[in-house]
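J.: Okay, sequence plus prediction incoming.
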Amino acid sequence: MAIVITLDRMLQERGMTLSELAGRIDITLANLSILKTGKARAIRFSTLDAICRELQCTPGDLLGYDPAQAQAQDAD
């Protein structure tokens, strides 16, 4: 998938741990970890809203598009 999740970078910039964010937005650490590692196949808008609220960012700060990754997967 060509969608890139930059949650780890945002957390580092904010000096926040994944556990702390999970507690603040009332989501399990396991589910947030799946999102952080890019293994999630979907995200609820309410979850994205909560993450953006707590990290004071926009969805564009958390999500990116890398066409090179899509091409690499097509080659597999």
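T.: Received the coordinates, thanks.
J.: Pull the contacting residues for Asp26.
T.: Taking CB atoms under 8 Å, 6 or more residues apart in numbering as the contact definition, Asp26 lies against Ala50. For every residue, glycine as well, the C-beta is placed using N, CA and C.
J.: whoops, I mixed them up, Asp8
T.: Lys36 are the contacts of Asp8 under CB under 8 Å, 6+ apart.
J.: Make sure it is indeed in a strand.
T.: No - the secondary structure assignment for Asp8 gives helix rather than a strand, going by DSSP: H, G, I helix; E, B strand; the rest coil.
J.: Could you report the distance from it to Gly38?
T.: Shown here: Asp8 relative to Gly38, a distance of 10 Å by CB to CB, to the nearest Å.
J.: longest single helix anywhere in the chain?
T.: When secondary structure is assigned using DSSP state H, the longest helix within the chain turns out to be helix 45-55.
J.: model confidence over whichever helix or strand comes after that one, on average?
T.: Proceeding C-terminally, helix 45-55 gives way to helix 59-62 as the next helix or strand, assigned by DSSP states H and E. In this model, helix 59-62 has an average pLDDT of 96.
J.: Show me what helix 59-62 is in contact with.
T.: Judged by CB under 8 Å, 6+ apart, the contacts made with helix 59-62 from elsewhere in the structure are Ile5, Thr6, Leu7, Met10, Leu48, Ile51, Cys52, Leu55.
J.: so what's Leu63 bridging to?
T.: For Leu63, the beta-bridge assignment (DSSP bridges) gives partners Ile5.
J.: Would you agree it is in contact with Thr6?
T.: Yes - with contact defined as CB atoms under 8 Å, Leu63 reaches Thr6; the gap is 7.4 Å.
J.: Settle it for me: which of those two has more neighbours?
T.: Taking Leu63 and Thr6 together and counting by other CB atoms under 10 Å, Thr6 has the greater number of neighbours (17 against 14).
J.: Pretty sure the more buried one sits against Thr58.
T.: No - proximity of Thr6 to Thr58 does not meet the contact threshold set by CB under 8 Å, at 11.6 Å.
J.: which sections of the protein are below the confidence cut-off?
T.: Counting by pLDDT under 70, the low-confidence segments of the chain come to 70-76.
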